[in-house]
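[1] Need the 3D shape of this:
(chains A and B)
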Amino acid sequence: MSTLPTNSSPARRQRLYNLKARLISWGMIIFCTCVAALAVFCLFAIFGYIFYRGAEYLNWNFFFHSQASRRHPSAPSGAANSIVGTLIMVGLASIFGVPVGILCGIYLAEYSRDAWFSHLVRLVVDVLAGAPSILVGVLAYEIFVRRINLYHGFALRLMRAVKMVAPFVAKGDPSGWAGAMALAFIMCPIIARTTEEIIKLVPAHLREASLGLGASRTQTLFRVILPTARAGIITGIMLAIARIAGETAPLLFTAGGNNYLSTDPNKPMSALPFEVYKAYQSPPRPSWQHQTWACMLVLIVLILIFNLLVRFVSRNKMKVR
Amino acid sequence: MPNSIAEPPAPPSGAAAGTLPAPRRGLVLGKKADWTMHALALAGAAAMLLLLALLVGMIFSQSLPAIRRYGWGFLVSTHWNPVVGQDRYGVLQFVYGTFMSSFLGLLIAVPVSLGSAIMIVRIAPKWLSGTVSFLVELLAAVPSIAYGLWGALIMVPWLQNHGEPWLKAIGRHIKLIPVGHYRHHKIEWFPANLVHGGAYGADLLAGGLILALMITPIITAVTRDVLRAVPPDLEQGAYGLGATWWQATRVVLGYSSTGIYGAIILGFARAVGETMAIIMVIGNSDQIKLSLFASAQTMAGLLANEFTSTDHTIYRAAVFYVGLVLLMSTLIMNTLARLLVMRVTRRKAQASGGKRAGRNPPPSDGPPKTDLGPAEAYTA
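    Got it, this is the predicted structure:
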């Protein structure tokens, strides 16, 4: 009677509990490994398919002919117009977005004396970084394409300032400038955020040593802090460039698209992601689909190269010299 | 300029420094340069404020006619009739499409990304975790149009021909909860009514799957950083009390739950604001139909599809009103997520002196991180 093992025996319950816990533990290990494998598999499925389809249709004509250069369907056609457009618009966006972003990052990391103001700026940067890109595209459209009279002519004055750079923007037309500015709006907060984080990682003793030697704050900034943080800031810039190179939504209304090769940002311009979307929307002709896959491949390779460069640059990121 | 730093001692004069190597040539940066640099940096920060003010102000002012005419009723109306003279607008079906697809995406993405993050941080050997981290980050860098294209040309046809018929064949027999009799006095059953209707491929299910693919890398990356910031004492303590691996992991997860919620909300906000991938797969029709196989439309998708075709004032204002609703919802979610993540990482930084805080390597011999920024840290 006393040796009869029942279900309520404490030892047996303890053994069962241990067994259950160990089984659950192994089950969770297997589950986590499986889902990680699934995520990596999805990466290879998507990348692999785009590489497979894109490489099929990629040839020299793709790089050296624009879309509208063909006279009849068998003539060579390519995406030179969108490749050039992407490069120009991303370059212009960087010219405007990088300095503003870096300055804002420097402000947040170095000059933020007022607690409430720097908290406000930080919050605003975060909110901007998370705002849907289509809305940023709408903003750029309103300012640079439609040129609404916002805040009693403020935008108009802003436009006059830009007009010094781009004197021949026709009113109401999409242009490369508008697309570039939309991309710059997206770029600024990303760069500001990374710059701030990187500058905050610069060891305080470097700063103190520089100030102690009698350097002014600006000398400290330019001779000590920025050189130390340079690799990290470059990483941030390249990540931001990789991000905006793939943006489609802000270009939908602003860049306008162009079937001809154009290097003039005052005229409508095409970009690789824009071209992919346009080709996807158009009636399913084989030549268009080939174009789509090839564009996608070139875009992804461009972004991958940038990401690998980031890896390369940031490998010895915070090396203190 | 308020400069509270004690005036640094004057630099040694040229005569005294005669034996020293010649100083590096460069700009002479003095007091005036200090002031200029401060002003420039302030201008950069002000530009950000201006940008957000422009964004909010522009969208709000452009949607004013619709706000005046429809008011709060816009948020609960399901009409979308942009014909001149018959204008009636409401945003509810787009809110439904946006949040339903994002919710579906989360439902799929959260287990996968939490599992992947745990695998990266707690299971994999170092070389493997580095590789998987790198691949996940690459996946996060793929532009959304690539997901959209892949989804529209590969996933949607597959869903139409294989995935959804199969799901329907199984799902329509699973009847767990009766859901009333809203049509023909017929009782519908809960999981079975979700697979109701024709399987055309471009629908909520496809949208949810694409969003899941897109937000998995983001949630994984943030969760990985949050898990890495957990002090190792917790895990070791759990093991010391005889916990199994999963029990120790649950302790770690519980400790970092705030940051994980933040990561999830961040992914959700990204899904809500997503445009290109989702308009290519979700079918773009303004209806509310409680079925995975019903096509829908999102707020961002509506902006992309109809913004350029707005031909009269009130239509245009209504489209902007949709943009305003979208902006406000992402704004609220982003702020919430940042606050949660910030709270948890700050707590970690205080607890472990900045040890392994996040993906950026910490300063090798800097002081422990405090709430003070560097500027305050060396002026205090």
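
[2] near chain A, which residues of the stretch 101-250 of chain B?
    Taking CB under 8 Å from any CB of the partner chain as the measure of proximity, the stretch 101-250 of chain B contacts chain A at B:111-113, B:115-116, B:118-120, B:123-124, B:132, B:134-139, B:141-150, B:152-154, B:213, B:216-217, B:220, B:244-247, B:249. From N, CA and C alone the C-beta is placed, and that goes for glycine too.

[3] Could you pull up the residues touching the one residue in the stretch 251-380 of chain B that gets nearest to chain A?
    For the stretch 251-380 of chain B, the residue closest to chain A is B:G273, as judged by CB to the nearest CB, at 3.2 Å. Listed by CB atoms under 8 Å, 6 or more residues apart in numbering or on different chains, the contact partners of B:G273 are A:130-135, B:300, B:326, B:330.

[4] how about 6 Å then?
    Listed by CB atoms under 6 Å, 6 or more residues apart in numbering or on different chains, the contact partners of B:G273 are A:132, B:330.

[5] again, but for A:P174
    A:P174 neighbours (CB under 6 Å, 6+ apart): A:145, A:254-256, A:268.

[6] Quick one, grab the pLDDT at it.
    Looking at A:P174, its pLDDT stands at 83.

[7] SS state for it?
    When classified by DSSP: H, G, I helix; E, B strand; the rest coil, A:P174 comes out as coil.

[8] Next up, phi/psi of it, please.
    With angles defined as degrees, to the nearest 10, A:P174 sits at phi -60, psi 150.

[9] beta partners of the residue nearest to it when sequence neighbours are not counted?
    Once flanking residues are discounted, A:P174 sits nearest to A:G256: 2.8 Å by CB to CB, 6 or more residues apart in numbering or on different chains. Beta bridges link A:G256 to A:M269 when assigned by DSSP bridges.

[10] I'd guessed A:G256 sits against A:P268; true?
    Yes. Between A:G256 and A:P268 there is a contact under CB atoms under 6 Å: 3.3 Å.

[11] Work out for me the element A:D264 sits within.
    Here A:D264 is covered by no helix or strand, with elements defined by DSSP states H and E.

[12] count of neighbours near it?
    14 (other CB atoms under 10 Å in any protein chain shown).

[13] could you check the distance from it over to chain B?
    To chain B, A:D264 is 23 Å away according to CB to the nearest CB, to the nearest Å.

[14] tell me which parts of the stretch 201-321 of chain A are close to chain B?
    Counting by CB under 6 Å from any CB of the partner chain, the residues of the stretch 201-321 of chain A lying close to chain B are A:201, A:203-204, A:207-208, A:214, A:216-219, A:242, A:246, A:248-249, A:252, A:273, A:276, A:296, A:303, A:307, A:318.

[15] Ok, the stretch 51-200 of chain A next?
    A:100, A:103-104, A:106-107, A:110-112, A:121, A:124-128, A:130, A:132, A:134-135, A:139, A:142, A:150, A:200.

[16] Filter these down to the ones in helices?
    Counting by DSSP state H, these place A:100, A:103-104, A:106, A:121, A:124-128, A:130, A:134-135, A:139, A:200 in helices.

[17] Quick one: which of these is the most crowded by neighbours?
    Neighbour-wise, those (other CB under 10 Å) top out at A:C104, 30 neighbours.

[18] Can you read off the pLDDT for that residue?
    94.

[19] picking that back up, buried among the residues of the stretch 201-321 of chain A next to chain B? Need that as a selection in PyMOL.
    Typed into PyMOL, the line below selects the buried ones among these, using 16 or more other CB atoms under 10 Å in any protein chain shown:
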select buried, chain A and resi 201+203+207+216+217+218+219+242+246+248+249+252+273+276+296+303+307+318
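
[20] what's the closest non-adjacent residue to B:I67?
    Among residues not flanking B:I67 along the chain, B:Y321 sits closest, at 6.3 Å (CB to CB, 6+ apart).

[21] quick one: the helices in the stretch 201-321 of chain A?
    Along the stretch 201-321 of chain A, the segments classed as helices by DSSP state H, counting those that start in this stretch run A:204-212, A:217-220, A:226-245, A:251-254, A:272-281, A:286-313.

[22] right, and A:T292 touches A:V276 too?
    Yes. At 5.4 Å, A:T292 counts as touching A:V276 under the criterion of CB under 6 Å.

[23] so who does A:E275 touch?
    A:82, A:295.

[24] any idea how far the residue in the stretch 151-300 of chain A that chain B sits nearest to lies from A:M181?
    The minimum distance from the stretch 151-300 of chain A to chain B, using CB to the nearest CB, falls at A:G246 (2.5 Å). With distances taken as CB to CB, to the nearest Å, A:G246 is found 18 Å from A:M181.

[25] Max pairwise distance over the ones in helices among the residues of the stretch 51-200 of chain A next to chain B: which two?
    A:I134 and A:K200 (32.0 Å; CB to CB).

[26] Tell me which helix or strand residue 40 sits in.
    I went with chain A, as the question did not name one. helix A:10-57.

[27] oops, I was thinking of chain B
    helix B:31-62.

[28] tell me which strands and helices that helix is in contact with?
    Judged by 3 or more CB pairs under 6 Å, 6 or more residues apart in numbering or on different chains; DSSP states H and E, the packing partners of helix B:31-62 are helix A:80-106, helix A:115-130, helix A:217-220, helix B:313-352.

[29] quick one, which of the ones you listed is nearest to A:Q281?
    helix A:80-106 (14.8 Å).

[30] buried stuff in the closest one?
    Per 16+ other CB under 10 Å, helix A:80-106 contains these buried residues: A:80-86, A:88-90, A:92-94, A:96-98, A:100-106.

[31] now swap in stretch B:276-293 and tell me
    Using 16+ other CB under 10 Å as the test for burial, stretch B:276-293 gives B:276-284, B:286, B:289, B:291-293.

[32] and what of stretch A:111-121?
    A:111-113, A:118, A:121.

[33] pLDDT weak spots in the stretch 201-321 of chain A?
    The model of the stretch 201-321 of chain A has pLDDT under 70 over residues A:284, A:315-321.

[34] pLDDT below threshold where in chain B?
    In chain B (pLDDT under 70), the answer is B:1-31, B:180-186, B:344-380.

[35] Show me the strands in it, by range?
    For chain B, applying DSSP state E gives strands covering B:80-81, B:88-89.

[36] and the first one, which strands flank it?
    Within its sheet, strand B:80-81 is paired with strand B:88-89 (antiparallel), according to DSSP bridges.
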